[in-house]
Every structure is written in C-alpha cells, then in structure tokens.
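# With the input below, show me the fold.
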Amino acid sequence: MGVEALKKIQEEALLAGLGIMDARAVDEWRAEWLGRKGKLGMALGLISELTASERPEFGKVGNLVKETLEGRLVAMMSSVESVEGQLDWSFPGVEPKVGHLHLTSQTIREVQNIFSELGFRRARFPEVDWDYYAFESLNMPKDHPARDDWETFFIANDKGRIKTGAKGKQVLTPHTSNAQVREMERGELPIRLINISKTYRRQSGPRHLPVFHQFEGLLIDEGVSIANLKGVVDYFVKRFFGEGVQTRLRPHHFKFTEPSFELDISCVICLGTGTVSGGKCRICKGGWLELGGAGMVHPNVLKAGGVNPKKYSGLAFGWGVERTMIMRSGVNITDIRTLYKNDLGFLEQF
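Got it, this is the predicted structure:
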C-alpha cells in the first residue's frame with residue numbers, strides 16, 4: 001500500500017459518489033469510504049507497515065485524500081437536503097481551496113525583485129528565434145557542438161525542412177543569451193537588464209529538463225569591470241541564499257565572454273565545510289556548489305550589437321531558475337523533474 005493506492009481510492013470514491021441523490025445512498029457512501037472500517041481508513045491504518053522514509057509522504061497524501069472525500073461528503077449532503085427541501089442553513093459551509101503560484105513562478109518573481117533593487121529592468125525576447133541571435137552574434141562558430149541538431153531544437157516547416165531566413169535557421173532558444181545582441185541593437189546605452197524566460201535543449205534526466213527557465217543578466221556601460229561582476233553576483237547570492245553564503249569565480253571558457261567564469265557558492269547544507277556529522281557532504285562533496293556561468297561580454301559580441309568595445313565594456317551571467325531554486329536550503333529535490341509532475345503532495349508544501 002503506497003501513495004498511488006491512496007490516489008486510486010480517491011478516484012474510485014469520487015466516481016462512486018456521482019449521481020447520488022438520496023440520504024440513504026449518501027450514508028452508504030460515507031460508510032464505504034470514510035467509515036471506521038471504510039476503504040480509506042483501512043488503507044491509512046497500514047502506515048505502520050511502511051518504512052520511515054515512506055511515511056511522511058504517505059501521511060501527507062492521506063490527509064489530502066481525506067480532506068477531499070470529506071468535502072465531497074458535505075457537498076452531497078447539502079445537495080440531498082436541497083432536493084428534499086430540508087436544507088439546514090446552520091450547517092457549516094465548505095471553505096473553497098485556494099491555490100498558489102508554482103514554486104518556479106515564486107522563484108522567478110523573487111529573482112526579478114532582487115535584481116530590480118540593483119536597477120536591472122526586466123525585458124522579454126523571443127523564445128523562437130534565429131540562429132544568428134542564439135549563436136552567431138554570440139561569437140559561436142558554425143561547428144560549435146551547441147549548433148548541432150542533437151543539442152538544439154530547430155524549427156521545421158510542414159515539409160520537415162528546417163526553417164531558414166536572412167539570419168539563419170530558426171530555433172527554440174537554448175539559452176536566454178539571445179537577449180544580448182537584440183538589446184544592444186536598440187542603441188540605448190547604458191544597459192542594465194534581466195531576461196527571464198523558458199529555454200529548450202535536448203536533455204532530460206534527474207538534473208536536466210528539455211524545457212526549463214533561465215535568467216540572464218546584462219550590464220553594459222563605460223568602465224564595467226570584474227569587480228562589478230563580483231559585486232552583482234555577491235548581492236544576489238546573499239539576498240537569495242542567505243548572508244552566510246560565500247561565492248567564488250572559477251576560470252572557465254565560454255565563447256561569448258572573455259574572461260569567463262563558473263560561479264560557485266558555498267554549500268548551504270554543510271556551510272562550506274564539505275562534511276556533515278563527521279562524513280563527507282553528499283550534496284557538494286567538497287564545500288562548493290556550481291551555480292552557473294558568468295563573465296565579461298566578449299568584444300566580438302559588443303561589435304555584433306553595434307557597441308564600441310573600446311568605449312564600453314559589459315558583464316553577463318546566465319543561470320537556470322530551477323537549478324538555483326533547488327540549491328536553496330530546505331528545498332530537498334534530488335530529481336529536478338519532480339517540479340513538473342503535478343504531484344499535489346509535493347506542490348502543497350510550497
């Protein structure tokens with residue numbers, strides 16, 4: 001007996017309650033499903049047979065199923081009383097369930113609010129874009145692996161041929177960096193924007209989704225330096241993860257930034273020590289967790305956007321919303337796909 005069995009009981013009970021129009025049938029339904037020896041009660045009584053790790057989720061789902069069936073019972077009783085002309089207005093009402101924003105949507109709003117404190121404005125750009133903005137203008141050569149159809153989703157026409165135009169092939173944006181040159185082409189400097197959008201890649205697994213969200217930061221002005229980059233990421237990390245979390249910029253290589261860095265944060269589980277209760281931290285293995293990429297905008301990218309690299313410089317960073325979210329203390333998710341399984345037992349916790 002597990003969570004799926006509880007959900008099946010709920011489904012069968014709700015189906016059995018359809019069309020009930022008299023008090024006797026309602027009472028029989030209550031006894032069969034919610035009574036002391038009813039199907040739900042018998043199922044919940046088996047919680048002692050579960051392992052310690054299975055019990056919390058089983059209990060939560062069991063409570064949700066019980067609330068749902070009790071709500072259905074009240075609704076049936078009210079319906080029967082109305083039909084029989086004996087409605088008791090003193091009977092307590094059924095409080096409607098109020099939903100809330102998905103955890104990803106909550107995170108997007110929080111990210112936007114944090115960067116707005118630094119003067120970044122949110123802008124939106126196409127999710128279906130051209131190869132030029134997704135790759136070419138970002139200093140990525142034609143033979144770059146990301147431009148392979150095994151990595152990126154290309155858009156085909158009704159004859160199965162990839163759509164092409166003056167700016168190359170049409171793609172589902174693999175990252176939010178297509179915002180960079182599009183924003184520079186507007187010709188309004190300085191630039192300080194945050195782009196939060198869905199992105200698409202041919203990846204699926206415990207740490208990857210074919211459709212996920214990224215937030216892209218871009219700051220272009222005179223005299224922008226690595227010190228500014230460090231200051232921006234430090235501010236965000238401390239506001240989002242907590243004052244005690246440290247950051248480090250680790251040298252890396254990206255085609256559209258120079259120099260380029262991977263941004264690491266100190267582990268929020270072991271507090272950067274790499275150990276928990278005398279053993280190695282199973283989350284970070286060494287005190288640090290990789291958050292995402294960052295760097296100084298490559299001069300070739302500035303030129304592609306019509307910006308003079310001798311006068312202006314810029315910083316950029318792009319991180320996954322879901323990845324950033326699950327690294328937060330208290331959000332214990334080992335499989336990122338859990339976020340989108342529509343499991344109320346999970347979603348109701350946030």
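# any residues touching stretch 132-144, and which ones?
For stretch 132-144, the external contacting residues (C-beta atoms under 8 Å, 6 or more residues apart in numbering) are 146-147, 152, 167-168, 171, 173-175, 177-178, 180-182, 255-256, 298, 300-301, 304-305. The way it works is simple: take the backbone N, C-alpha and C, and place the C-beta from them, glycine included.
# and residue 214, bridged to which residues?
For residue 214, the beta-bridge partners are residue 197, residue 320 (DSSP bridges).
# whoops, residue 296 was the one
On the basis of DSSP bridges, residue 296 is bridged to residue 315.
# State the number of residues packed around it.
A count of neighbours around residue 296, defined by other C-beta atoms under 10 Å, yields 19.
# in the chain, which ranges drop under the pLDDT threshold?
Applying pLDDT under 70 to the chain flags residues 1, 81-89, 149-150, 282-283, 329-330, 332.
# What are the boundaries of the strands in it?
In the chain, the strands defined using DSSP state E lie at 121-122, 128-130, 164-165, 168-172, 191-200, 211-221, 247-254, 257-266, 275-276, 279-280, 288-297, 313-320.
# how about CSV for those, with distance to residue 55 added?
Converted to CSV, the strands of the chain look like this (distance: least, C-beta to C-beta, whole Å):
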stretch, distance to residue 55
strand 121-122, 43
strand 128-130, 46
strand 164-165, 56
strand 168-172, 42
strand 191-200, 36
strand 211-221, 32
strand 247-254, 38
strand 257-266, 33
strand 275-276, 23
strand 279-280, 25
strand 288-297, 29
strand 313-320, 32
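# Any quick PyMOL command for the buried ones out of the contacts of stretch 132-144?
In PyMOL, this line selects whichever of these come out buried by 16 or more other C-beta atoms under 10 Å:
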select buried, resi 147+152+168+171+173+174+175+177+178+180+181+182+255+256+298+301+304+305
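# Could you give me the buried positions within stretch 261-277?
Neighbour-count burial for stretch 261-277, counted by 16+ other C-beta under 10 Å, picks out 261-272, 274.
# Can you pull out the residues in contact with that stretch?
229, 233, 237, 241-242, 244-252, 280-295, 317, 319, 327-329.
# And that stretch, end to end?
Using C-alpha to C-alpha, to the nearest Å, the end-to-end distance of stretch 261-277 comes to 32 Å.
# per the record, what domains does this protein have?
Following automatic domain parsing, the chain resolves into domains at 3-83, 103-347.
# if you compare these, which one is most tucked away?
The highest average neighbour count among the domains of the chain, using mean count of other C-beta atoms under 10 Å, belongs to domain 103-347 at a mean of 17.
# can you pull out the helices in this protein?
Assigned by DSSP state H, the helices in the chain fall at 3-16, 23-33, 39-44, 55-83, 103-116, 131-134, 179-184, 226-240, 299-304, 321-326, 344-347.
# how far does the first one sit from the chain's center?
So the one you mean is helix 3-16. In terms of C-alpha atoms, centre = their mean, to the nearest Å, the centre of helix 3-16 is found 29 Å from the chain centre.
# my read: residue 151 touches residue 175, true?
No: using C-beta atoms under 8 Å, residue 151 is not in contact with residue 175, being 11.3 Å away.
# wait, which of the strands of the chain is closest to residue 54?
strand 275-276 (22.9 Å; C-beta to C-beta).
# Note down every partner strand of that closest one and its orientation.
In the sheet, strand 275-276 lines up with strand 279-280 (antiparallel) (DSSP bridges).
# Residues in contact with the strand it pairs with: which ones?
Strand 279-280 has contacts (C-beta under 8 Å, 6+ apart) with residue 274.
# and what of stretch 341-350?
Contacts with stretch 341-350, where a contact means C-beta under 8 Å, 6+ apart, come from 3, 57, 60, 61, 64, 100, 102, 103, 106, 338.
# End to end on it, go ahead and measure it.
End to end - C-alpha to C-alpha - stretch 341-350 spans 15 Å.
# hang on, the earlier thing: between the buried residues of stretch 261-277, which is nearest residue 210?
Taking C-beta to C-beta as the measure, residue 210 sits nearest to residue 262 out of the buried residues of stretch 261-277, at 23.2 Å.
# My guess is residue 191 contacts residue 184. True?
Yes: using C-beta under 8 Å, residue 191 makes contact with residue 184 at a distance of 6.9 Å.
# Please enumerate the shared neighbours of the two.
Common contacts of residue 191 and residue 184 (C-beta under 8 Å, 6+ apart): residue 220.
# from the buried residues of stretch 261-277, which single one is nearest residue 40?
The closest of the buried residues of stretch 261-277, once distances to residue 40 are taken by C-beta to C-beta, is residue 269, at 36.9 Å.
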